[in-house]
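Colleague: Sequence plus the predicted model coming up.
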Amino acid sequence: MNRITFRFLMLLVIMAASSFLALGQGVTTTSLSGAVVDPTGSVMAGAEIIVKEETTGAEYRAVSAGNGTFSVPALTAGVYSVTVSARGFKQAIIKGVKIDAGIPASVNVTLEVGATTDTVVVQGGAEVLQSQSASISTTITGRQITDLPFTSRNQPSRFARVE
């Protein structure tokens with residue numbers, strides 16, 4: 001194998017290896033966890049949790065464990081509604097839960113005693129408690145990026161050919 005071919009193959013190997021490293025840097029999902037309790041503060045095992053993405057309608061389901069906790073992994077960034085129901089208790093719906101990519105979120109729900117046909121709706125975007133890490137971050141939309149003021153953007157004269 002001649003020297004040029006060998007260098008070209010080595011360059012391809014290095015580029016392929018670096019592209020695999022770059023893939024692991026972008027976190028696009030996160031998890032939503034929480035606890036379900038009754039009005040006395042006792043944990044509720046077996047409560048059904050439905051997490052629904054408000055724009056796409058995608059639903060994710062979970063059941064609270066013996067200690068009353070639940071976890072829904074691999075949620076994409078967006079706004080969700082969380083519905084919690086259990087036998088002998090009113091159904092609770094928390095709307096406007098904002099989930100950011102890469103930031104584990106937590107929602108705790110207290111169910112009220114009543115018929116399962118009764119519903120308690122929490123409007124206005126529930127504050128999500130993030131207690132799994134000390135990092136602070138946010139999700140930036142594509143529109144926010146394109147609205148950034150740059151002096152070099154959209155200047156066709158900059159690329160004009162001078163003869």
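Modeller: Done, it's in.

Colleague: For Gly34, see how far away Leu69 is.
Modeller: To be clear, residue 69 is Thr; Leu isn't right here. 7 Å (C-beta to C-beta, to the nearest Å). Any C-beta I mention is one placed from the backbone N, CA and C, and that applies to glycine too.

Colleague: which helix is the longest one in the protein?
Modeller: For the chain, the helix with the greatest residue count under DSSP state H is helix 3-23.

Colleague: model confidence over that helix, on average?
Modeller: Looking at helix 3-23 alone, the average pLDDT works out to 74.

Colleague: which stretches of the chain aren't confidently modelled?
Modeller: For the chain, applying pLDDT under 70 flags the ranges 1, 19-27, 116, 123-138, 150-163.

Colleague: Please enumerate the helices of it.
Modeller: 3-23, 142-146.

Colleague: Indicate which one of those helices is closest to Glu54.
Modeller: The closest of these to Glu54 is helix 142-146. By C-beta to C-beta, the value is 18.4 Å.

Colleague: Give me the helices and strands touching that closest one, please.
Modeller: Applying 3 or more C-beta pairs under 8 Å, 6 or more residues apart in numbering; DSSP states H and E, we find helix 142-146 packed against no helix or strand.

Colleague: and Pro149, how far is that from Gly102?
Modeller: Distance from Pro149 to Gly102, by C-beta to C-beta: 27 Å.

Colleague: So between the two, which is more surrounded?
Modeller: Just comparing Pro149 and Gly102: by other C-beta atoms under 10 Å the higher neighbour count belongs to Gly102, 14 against 5.

Colleague: I'd like the distance between the more buried one and Thr30.
Modeller: As judged by C-beta to C-beta, Gly102 and Thr30 stand 6 Å apart.

Colleague: ditto for Thr117
Modeller: 33 Å.

Colleague: what about these two, which has more around it?
Modeller: Neighbour totals were compared for Thr117 and Thr30, and Thr30 leads with 20 against 7 (other C-beta under 10 Å).

Colleague: Let me see the contact set for that one.
Modeller: Each residue near Thr30 by C-beta atoms under 8 Å, 6 or more residues apart in numbering is listed here: 75, 77, 99-105.
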